[in-house]
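Asker: Quick one, what's the 3D model for this:
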Amino acid sequence: MKHYQIKRALEYCGAKEVDCLDNLQKGLERLKETWGTEKQYDLLITDMNFPLVKGGISDGEAGVKLIQKLREEEIAIPTIICSTRRFTGEGVLGSVWYNSLRDIEDDFREILSKLK
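Answerer: Below is the predicted model of the structure:
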């Protein structure tokens with residue numbers, strides 16, 4: 001799933017601001033910078049497979065590593081996983097499956113309703 005597809009689906013669900021980052025290092029830095037400030041993110045949406053650093057090769061465990069690093073930093077942000085498999089865990093609200101037969105807007109809407 002591409003960033004623009006996720007961003008479009010979230011905007012359709014009412015999200016006003018959506019930032020897209022493409023590697024673990026940048027995502028973790030941004031979350032740490034903003035945590036506890038008025039610019040703090042409300043939600044993290046992560047794939048499981050992306051580079052750890054800019055220009056790096058894709059790592060199939062990157063999403064798991066990101067979630068683990070956030071726990072270590074005590075950043076408890078609600079998380080939605082985008083994947084072809086269902087993932088669960090502490091702080092994980094749900095999974096949006098990569099599947100052409102599913103409506104990702106409906107999947108996001110259903111999961112986001114848990115935040116209200």
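
Asker: Poorly predicted segments of this protein, please.
Answerer: Along the chain, segments meeting pLDDT under 70 span 1, 98-101, 116.

Asker: now the strands for it?
Answerer: Secondary structure of the chain (DSSP state E): strands at 44-47, 50-51, 58-59, 79-83, 92-97.

Asker: Next, format those strands as CSV and append distance to L24.
Answerer: The way it works is simple: take the backbone N, C-alpha and C, and place the C-beta from them, glycine included. As requested, the strands of the chain are exported to CSV (distance: least, C-beta to C-beta, whole Å):
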stretch, distance to L24
strand 44-47, 9
strand 50-51, 7
strand 58-59, 8
strand 79-83, 14
strand 92-97, 17
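
Asker: got these as CSV, with distance to L31 and mean neighbour count columns?
Answerer: Formatted as CSV, the strands of the chain follow (distance: least, C-beta to C-beta, whole Å; neighbours: other C-beta atoms under 10 Å):
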stretch, distance to L31, mean neighbour count
strand 44-47, 7, 20
strand 50-51, 15, 18
strand 58-59, 18, 14
strand 79-83, 11, 21
strand 92-97, 15, 18
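
Asker: Which among these is found nearest to K69?
Answerer: Closest to K69 of the strands of the chain, according to C-beta to C-beta: strand 44-47, at 11.4 Å.
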